[in-house]
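Colleague: need a structure here:
(one chain, ligands or ions: 1)
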Amino acid sequence: MISQWTDKGAEDALSQWGTDHGEDLALRVYTSRLIGADPELVLHGGGNTSVKTKVRNIFEEEIEVIFVKGSGSSLDSVTPKDLPGLDLSRLRRLRNLESLTDEEMVNQLRTRLLDASSPNPSVETLLHAFLPHSFVDHSHADAILALTDQPNGVELASEALGGSIGILPYVMPGFPLAQAVAEVVETSPDLSGVVLAKHGLFSFGASAKESYERHIHLVNLAEEFLSKRRNGKTIFTFARTPFKEEAKSNAAMAFPILRGLLAEKSFNEEGFKKVVGHWDNSVKTLEFCASREAETLVKSGPITPDHVIRTKKLPLFIDNPAWSDVETLRNQLSEAVHSYRNSYDAYFRKGQQNTAVIKDKLSSSPKVVLLNGAGALCFGSSYKEANIVADITQHTLATKALAQVIGQYESITDRELFEMEYWSLEQAKLKGARILPLSGQVALITGGAGAIARGIAIECTKAGAQVALCDTNKKGASQTAAEINHQMKGNYAKAIEMNVTNDESVREAFDETSRSFGGVDIVVPNAGIAYVERIEELSSKEARKVSEVNYIGVLNTIREAARIFRLQMTGGNVVLNASKNVFSPGQEFGAYSASKAAASQIAKVSAIELASLSVRVNLINADAIFSSGSVPSGLWDEVGPERARRRGISLGELPDFYKERNLLKTRVDAHHVGRAVVFFASNLTPTTGATLPVDGGIPEAFPR
Ligand SMILES: [Zn+2]
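Modeller: Residues are numbered from 1 along each chain as shown. The predicted model follows:
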């Protein structure tokens, strides 16, 4: 690991933040980002940093202040506002207390803030405040954890890092840890850092650069020691080397089954509280799952206590999944999940017996499932959360394996893990995520590059769903996905190549969606093409072409949806984007209207056949969707000129012509179709086989 500090980077930070926030805070932000950018130091919200400086208060008095990372931000992207300032002299007085409850500690921190609107300062704020140094950096560096997650971790750390560093055995974070670290440093004021065994590393310095570079130096010493100890030994011995391609089909089969097993019946009997998946198929993870060492290492806890709230105490590991038979695999996974939940419940009961405060049990389900032959299938209540779980898992497995090579991996005890998992301050980190109507659900939309799909995808993601935009035009679908992800500030949409007329391609797109998000819950057959011709001139060739997409494409899409729904066994929704033409056909639109009518009939038969799987199939009859916001519809680009000519109006007048035609005198937009999809997918009413017009009201197209 090399120092990423550059004078140019520091100057840039000073010119960006120095004037408004002062030199100290500007450089604090700079080196915090350097630490945050290295996943071998911290992951996502992990780690924290601080700086002590002076500011003028409202009375023009100079006071001592500490700026410390607040919760809810990640070091790699912090800005000055993510480091709330606190009155340092008041915090320092707490050092003399014998004890301090968590609740009072949080109260003390909040009431010492300089700005009432600041985020909560880190739970480690007092540890930072009690140290005399201006700059303090804390990480959960992989190398430090591989070194100290050992029965003799304290001795190994002292051997590896030398005398200028304090080393503490594991102490529960919070006030007791802050006191313990302060004591070590008060006794030996020249220390450049403190290692917390089985937790992480603190470094200190008089400047941002000094503290950061000491941090890197200490991690380097740990890395060198590990590599010497390892002495070229291979990390894993294999039962069988896994193949990437095999892992791909295995994951596609296992993901929907597992996701179904992990879904919990929600308060609303109509639905399930579902989880979203993220697949870690890195070579290291595949190797870990196939190694002989896995069996032992999966029985040990997280590499640092912070991770327990994300990954739970243990992963679920299956050494010999029945890849050759889906039903056997289902039974195997079902039994494994069942026994995982039982042992989690036993761990909870035991932990509760040792605790005075009554705790609410969290979900008993695993967050990480390791399958030999498929890698790590990671789960969270959102894609973002699942992604965090996957990143942590990848580092956890590599670090455990390395620790095992140089000695014997050992985590903190069950009792300590329980204390951490059920610590009110850790639980507070997970709160605040809004539950939306489609939270935890995955939507697959065909015709994903078009304007209507854009409207549907935007409404579904706003309602909390992950979205797969499937299209033969993957580039177009990617543009929409990128636009949505930019707007929503996260990864909510993904483009997947799919040709609805090709059985294999449809199957593969569904599998790819499963591998990307864990499964599929909402399917919107929306791909369609139009062709304008009188019956007398309509060739069978042209009619077939339209039918292939509008009718066979819908059949293919619903068939594959049913396959995934059957693996998940948690219901599902199909919402067909049919057409007002089904009830009210227009002239010269025979190929289109007939194919849409066929698709509607397929949807209705599906409603009958799939009801036993709790799958609902409904239809939307929209009319005259010219755009999704400012993005024009490709279908209307094609048929619009002909339509306008027939009606004796200009192309530009066409939208208003259709607006005047409906009862509500409304322009219908793709977002209206999207909202209708969200309504059906929310399971708010027990409805299947129904048609909802989204057309502004056209009497001849009323469903009957
Ligand atoms: Zn920590």
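
Colleague: Checking residue 39 next. Helix, strand or coil?
Modeller: Counting by DSSP: H, G, I helix; E, B strand; the rest coil, the backbone at residue 39 sits in coil.

Colleague: That one: what's it in contact with?
Modeller: Residues near residue 39 by CB atoms under 8 Å, 6 or more residues apart in numbering: 391, 395. Every residue, glycine included, has its C-beta placed from N, CA and C.

Colleague: Quick check, pLDDT for it.
Modeller: The model reports residue 39 with a pLDDT of 91.

Colleague: Report the beta-bridge partners for residue 193.
Modeller: Applying DSSP bridges to residue 193 yields these beta-bridge partners: residue 165, residue 203.

Colleague: how far away is it from residue 35?
Modeller: Noted for residue 193: a distance of 13 Å to residue 35, by CB to CB, to the nearest Å.

Colleague: shared neighbours, the two?
Modeller: Listed as contacting both residue 193 and residue 35 by CB under 8 Å, 6+ apart are residue 215.

Colleague: Tell me where the stretch 251-400 of the chain has strands.
Modeller: Secondary structure of the stretch 251-400 of the chain (DSSP state E, counting those that start in this stretch): strands at 264-265, 272-273, 276-280, 316-318, 368-371, 375-380.

Colleague: Make CSV out of the ones you listed and add mean pLDDT.
Modeller: Output for the strands of the stretch 251-400 of the chain, formatted as CSV (pLDDT from 0 to 100):
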stretch, mean pLDDT
strand 264-265, 83
strand 272-273, 86
strand 276-280, 96
strand 316-318, 97
strand 368-371, 97
strand 375-380, 96
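
Colleague: Identify, out of those, the most deeply packed stretch.
Modeller: strand 375-380 (a mean of 28; mean count of other CB atoms under 10 Å).

Colleague: packing partners for that strand?
Modeller: With contacts taken as 3 or more CB pairs under 8 Å, 6 or more residues apart in numbering; DSSP states H and E, strand 375-380 sits against helix 244-262, strand 276-280, helix 283-290, strand 368-371, helix 383-406.

Colleague: make it 10 Å
Modeller: Other helices and strands packing on strand 375-380, by 3 or more CB pairs under 10 Å, 6 or more residues apart in numbering; DSSP states H and E, are helix 244-262, strand 276-280, helix 283-290, helix 308-311, strand 368-371, helix 383-406.

Colleague: How far does it sit from its chain's centre?
Modeller: Strand 375-380 sits 11 Å away from the centroid of its parent chain (CA atoms, centre = their mean, to the nearest Å).

Colleague: what about the helices and strands packed on strand 375-380, which gets the closest to residue 500?
Modeller: Closest to residue 500 of the helices and strands packed on strand 375-380, according to CB to CB: helix 244-262, at 18.9 Å.

Colleague: about what we covered before: compile the strands of the stretch 251-400 of the chain into a markdown table and extend it with columns for distance to residue 583.
Modeller: Formatted as a markdown table, the strands of the stretch 251-400 of the chain follow (distance: least, CB to CB, whole Å):
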| stretch | distance to residue 583 |
| --- | --- |
| strand 264-265 | 38 |
| strand 272-273 | 34 |
| strand 276-280 | 37 |
| strand 316-318 | 50 |
| strand 368-371 | 47 |
| strand 375-380 | 43 |
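
Colleague: Residue 635 is nearest to which of the ones you listed?
Modeller: strand 276-280 (31.6 Å).

Colleague: for the record, mean pLDDT for stretch 685-693?
Modeller: Stretch 685-693 comes out at a mean pLDDT of 95.

Colleague: again, but for stretch 570-579
Modeller: Summarised as a single mean, pLDDT over stretch 570-579 is 95.

Colleague: could I get that stretch in CSV with only the CA atoms?
Modeller: Extracted in CSV, the C-alpha atoms of stretch 570-579 (Å, rounded to 0.1, in the frame of the first residue of the first chain):
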residue,chain,number,x,y,z
THR,A,570,-43.6,-15.5,-3.7
GLY,A,571,-46.2,-14.5,-6.2
GLY,A,572,-45.5,-11.8,-8.8
ASN,A,573,-47.1,-9.3,-11.1
VAL,A,574,-47.3,-9.3,-14.9
VAL,A,575,-48.7,-6.0,-16.3
LEU,A,576,-49.1,-6.1,-20.0
ASN,A,577,-48.9,-2.9,-21.9
ALA,A,578,-51.7,-3.8,-24.3
SER,A,579,-53.5,-1.1,-26.2
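
Colleague: Can you tell me the SS state at the residue nearest to residue 177 when sequence neighbours are not counted?
Modeller: Nearest non-adjacent residue to residue 177, counting by CB to CB, 6 or more residues apart in numbering: residue 171, 4.6 Å away. Three-state assignment for residue 171 (three-state DSSP): coil.

Colleague: From residue 124, how far out is residue 171?
Modeller: Taking CB to CB, one finds residue 171 at 12 Å from residue 124.

Colleague: So which of the two has more stuff around it?
Modeller: Neighbours per residue, other CB atoms under 10 Å: of residue 171 and residue 124, the larger number sits with residue 124, 24 against 17.

Colleague: count of neighbours near the closest residue to that one other than its chain neighbours?
Modeller: Leaving out its chain neighbours, the residue that sits closest to residue 124 by CB to CB, 6+ apart is residue 48, at 5.5 Å. A count of nearby residues for residue 48, using other CB under 10 Å, gives 29.

Colleague: who touches the helix or strand of the chain with the lowest mean pLDDT?
Modeller: When the helices and strands of the chain are scored by mean pLDDT, DSSP states H and E, helix 424-430 comes last with a mean of 70. Helix 424-430 has contacts (CB atoms under 10 Å, 6 or more residues apart in numbering) with 45, 71-72, 101-103, 105-106, 120, 122-124, 173-174, 305-306, 308-310, 357, 359-360, 362, 381, 385, 419-421, 423.

Colleague: Return the members of those residues classed as buried.
Modeller: For the contacts of helix 424-430, a burial check counting by 16 or more other CB atoms under 10 Å picks out 45, 71, 105-106, 120, 122-124, 173-174, 305-306, 308-310, 381, 385, 419-421, 423.

Colleague: rewinding a little: nearest approach to residue 572 belongs to which of the strands of the stretch 251-400 of the chain?
Modeller: strand 272-273 (10.3 Å).

Colleague: now this structure, which segments are flagged as low pLDDT?
Modeller: Along the chain, the model assigns pLDDT under 70 to residues 239-242, 267-270, 429-433, 630.

Colleague: Of all residues in it, which one is nearest the centre?
Modeller: Central residue of the chain (CA atoms, centre = their mean): residue 384, 1.7 Å from the mean position.

Colleague: Burial check on residue 248, number of neighbours?
Modeller: 16.

Colleague: ok, now which ones touch it?
Modeller: 279, 281, 374, 375, 511, 512, 515.

Colleague: Roughly how far does it sit from residue 279?
Modeller: To residue 279, residue 248 is 9 Å away according to CB to CB.

Colleague: between those two, what contacts are shared?
Modeller: Common contacts of residue 248 and residue 279 (CB under 10 Å, 6+ apart): 374, 375, 515.

Colleague: which one of those residues is nearest residue 287?
Modeller: residue 375 (9.4 Å).

Colleague: Was I right to think that closest one contacts residue 284?
Modeller: Yes - counting by CB atoms under 10 Å, residue 284 is a contact partner of residue 375 at 9.5 Å.
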